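Peer 1: sharing a model that was predicted from the sequence below.
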Amino acid sequence: MLRPQQRPHHNIAELFAEARSDFVRVSAPMVRYSKLEFRRLVRLNGVQLAFTPMMISDSINNSEKARQNEFSTGADDQPLIAQFAAKDPTEFVTSAQLIYPYVDGIDLNCGCPQSWAMAKGYGCGMLRQPELVRQVVQEVRRALPADFSVSVKMRLLGGEQSLERTIDLARQLEQAGVTFLTLHGRTPAQKHSKDTLDIPAMAEVRKSLQIPLIVNGNVESYRDAFDMHDQTGAAGVMAARGLLANPALFNSIYSDFETTPLSCVQQWLDIAFAAGNNLLFQCFHHHLTFMWSAQMKRDLRVQFNSLGSKEQVVDFLKKHYNLEYSKDDSMSADYTDCTYSHFTPPKHARHIAAESDEQAWSSKSDGKFFTEFRAHQLTGTGGEDLELGGLFGEEE
């Protein structure tokens, strides 16, 4: 039984309809990084629809600790889509029933190309079983109210007749009842580079559907987002690494900025002050590294990366950039007390494995991407195409 919702749910289909000739600005699901405080920052800067980080259904369903660690929200955190990695209908439906009171939609990850995920049947591994993907959608659609959003994030299918097979799966999911789809313009085997993104294929998939399509890949500036919309006609454009580098990417006031405006860094400090202990130092520090380290000379980067507390970071920014907490009362410090007594998940045979997954996705670990990003910033080596590793549930 679904618990009465904690706030009115947004109708996501109407959100797209209201955009009409324009497009919805979307913040991607990013493991470790698209948490509540960052979602607050990007919403202040033009994002209209945000995703949680990818969560593993088996872990969330069977561990209260995982639920409390991996998901948080507040009254201002809307509209919001919760994304899950799941590999059978029961576990995805269970996650949907648990999270229903606190979000506006649920999304199935069929786009993560990382080897560990595919080996376990998650992410792109689901694309090997299109009938199963359709079954998952059908089951969750039957379990939830008709106006509650159900979606799938996927990639172009690899192999022969890639476009035709992608269109076929997208149409099957449309018929199964998804509210919208998100399509990343690469196959599971393709790595991140400018050359591998297949914009014409995304445009063809969009033409084949009646439901909204969000497109994803290589959106690293305000201009990129508008170009992607113009080239595909998509109802929404999603950014991931571009938003990490510049959380004001979708803010029209800063459309000519190639780097994060100082005012956005100030907003992050104020959000962090309001969050208090709810925002771990590591997450606070990492985001500043992504959005501001490019503005630092090498010696300052070395010094900044060695800092170990919020107080040290604020002192550093005040000394070198005249930034400090403004203690802005308008910044929300609201955190919803998310409880899950409304639904008791059935015990699953894989609940022990969930505990190991929970450890693997610990927010206290740096993740491969951040380690490589920091090394690249300090040495100037490594080129543009860093392996994303643990950064996203899906490589962008």
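Peer 2: Alright, I've got the coordinates. Residues are numbered from 1 along each chain as shown.
Peer 1: output the below-cut-off pLDDT ranges for the stretch 151-300 of the chain.
Peer 2: 191-195 (pLDDT under 70).
Peer 1: quick one: the strands in it?
Peer 2: 180-184, 213-216, 236-239 (DSSP state E, counting those that start in this stretch).
Peer 1: for residue 108, find the nearest of those.
Peer 2: Closest approach to residue 108 among the strands of the stretch 151-300 of the chain (CB to CB): strand 180-184, 10.3 Å. Where C-beta positions appear, they are placed from N, C-alpha and C, glycine not excepted.
Peer 1: what sits up against that closest one?
Peer 2: 12-13, 16, 26, 107, 111, 149, 151-156, 166, 170, 173-174, 202, 205, 209, 211-217, 235-236, 238, 394, 396 (CB atoms under 8 Å, 6 or more residues apart in numbering).
Peer 1: 6 Å instead?
Peer 2: 111, 151-153, 155, 170, 202, 205, 211-217 (CB atoms under 6 Å, 6 or more residues apart in numbering).
Peer 1: next, the buried residues of stretch 238-250.
Peer 2: By neighbour count on 16 or more other CB atoms under 10 Å, the buried set for stretch 238-250 is 238-250.
Peer 1: let me fix that: stretch 217-228
Peer 2: 217, 218, 219, 220, 221, 222, 224, 225, 228.
Peer 1: end-to-end on that stretch?
Peer 2: 9 Å (CA to CA, to the nearest Å).
Peer 1: endpoints of stretch 113-122, how far apart?
Peer 2: Across stretch 113-122, first to last residue, CA to CA, it's 9 Å.
Peer 1: if we can go back for a sec, in a markdown table, list the strands of the stretch 151-300 of the chain along with distance to residue 68.
Peer 2: Listed next are the strands of the stretch 151-300 of the chain as a markdown table, based on distance: least, CB to CB, whole Å:
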| stretch | distance to residue 68 |
| --- | --- |
| strand 180-184 | 27 |
| strand 213-216 | 29 |
| strand 236-239 | 27 |
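Peer 1: quick one on the thing from earlier: quick check: the farthest pair among the buried residues of stretch 238-250?
Peer 2: Taking CB to CB, no two of the buried residues of stretch 238-250 sit farther apart than 238 and 248, at 16.2 Å.
Peer 1: and the closest residue to residue 224 other than its chain neighbours, how far is that from residue 116?
Peer 2: Nearest non-adjacent residue to residue 224, counting by CB to CB, 6 or more residues apart in numbering: residue 218, 6.5 Å away. Taken as CB to CB, to the nearest Å, the spacing of residue 218 relative to residue 116 amounts to 24 Å.
Peer 1: how about residue 268?
Peer 2: For residue 268, the distance to residue 116 equals 31 Å [CB to CB].
Peer 1: and the residue lying farthest from the centre of the chain, what's its pLDDT?
Peer 2: Most distant residue from the mean C-alpha position of the chain: residue 319, 33.1 Å away (CA atoms, centre = their mean). In this model, residue 319 is scored at 96, pLDDT.
Peer 1: for the helix or strand where it lies, list the C-alpha coordinates in PDB.
Peer 2: Using DSSP states H and E, residue 319 sits within helix 310-321. Once non-C-alpha atoms are left out, helix 310-321 reads as follows in PDB (Å, rounded to 0.1, in the frame of the first residue of the first chain):
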ATOM      1  CA  LYS A 310      35.000  23.300   5.900                       C
ATOM      2  CA  GLU A 311      36.500  26.000   8.100                       C
ATOM      3  CA  GLN A 312      39.900  25.700   6.300                       C
ATOM      4  CA  VAL A 313      38.200  25.900   2.900                       C
ATOM      5  CA  VAL A 314      36.200  29.100   3.900                       C
ATOM      6  CA  ASP A 315      39.400  30.700   5.200                       C
ATOM      7  CA  PHE A 316      41.200  29.800   2.000                       C
ATOM      8  CA  LEU A 317      38.400  31.300  -0.200                       C
ATOM      9  CA  LYS A 318      38.200  34.400   1.900                       C
ATOM     10  CA  LYS A 319      42.000  35.000   1.700                       C
ATOM     11  CA  HIS A 320      42.400  34.400  -2.000                       C
ATOM     12  CA  TYR A 321      38.900  35.300  -3.500                       C
END
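Peer 1: so how far is that helix from its chain's centroid?
Peer 2: Remark: helix 310-321 is offset 28 Å from the chain centroid, using CA atoms, centre = their mean, to the nearest Å.
Peer 1: just stretch 103-115 next, same as before
Peer 2: 9 Å.
Peer 1: what's the end-to-end length of it?
Peer 2: End-to-end distance (CA to CA), stretch 103-115: 29 Å.
Peer 1: distance of the residue nearest to residue 224 from residue 227?
Peer 2: Taking CB to CB, one finds residue 218 at 10 Å from residue 227.
Peer 1: out of residue 268 and residue 116, which sits in the busier spot?
Peer 2: In this view residue 268 and residue 116 are compared by other CB atoms under 10 Å, and residue 268 has more residues nearby, 23 against 12.
Peer 1: what's the more buried one in contact with, if anything?
Peer 2: Contacts of residue 268 (CB under 6 Å, 6+ apart): residue 41.
Peer 1: equivalent analysis for residue 94, please.
Peer 2: Residue 94 neighbours (CB under 6 Å, 6+ apart): 61, 345.
Peer 1: ok, 10 Å please
Peer 2: 57-58, 60-62, 84, 86, 140, 143, 343-346, 348 (CB atoms under 10 Å, 6 or more residues apart in numbering).
Peer 1: how about the strand or helix carrying it as PDB, C-alpha atoms only?
Peer 2: According to DSSP H and E, residue 94 maps onto helix 89-99. Below are the C-alpha coordinates for helix 89-99, written out as PDB (Å, rounded to 0.1, in the frame of the first residue of the first chain):
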ATOM      1  CA  PRO A  89      10.300  -6.100 -11.700                       C
ATOM      2  CA  THR A  90       9.800  -7.000  -8.000                       C
ATOM      3  CA  GLU A  91      12.800  -5.100  -6.700                       C
ATOM      4  CA  PHE A  92      12.100  -2.000  -8.900                       C
ATOM      5  CA  VAL A  93       8.400  -1.900  -7.800                       C
ATOM      6  CA  THR A  94       9.500  -2.200  -4.200                       C
ATOM      7  CA  SER A  95      11.900   0.700  -4.500                       C
ATOM      8  CA  ALA A  96       9.100   2.700  -6.100                       C
ATOM      9  CA  GLN A  97       6.700   2.000  -3.300                       C
ATOM     10  CA  LEU A  98       9.300   3.000  -0.700                       C
ATOM     11  CA  ILE A  99      10.300   6.300  -2.300                       C
END
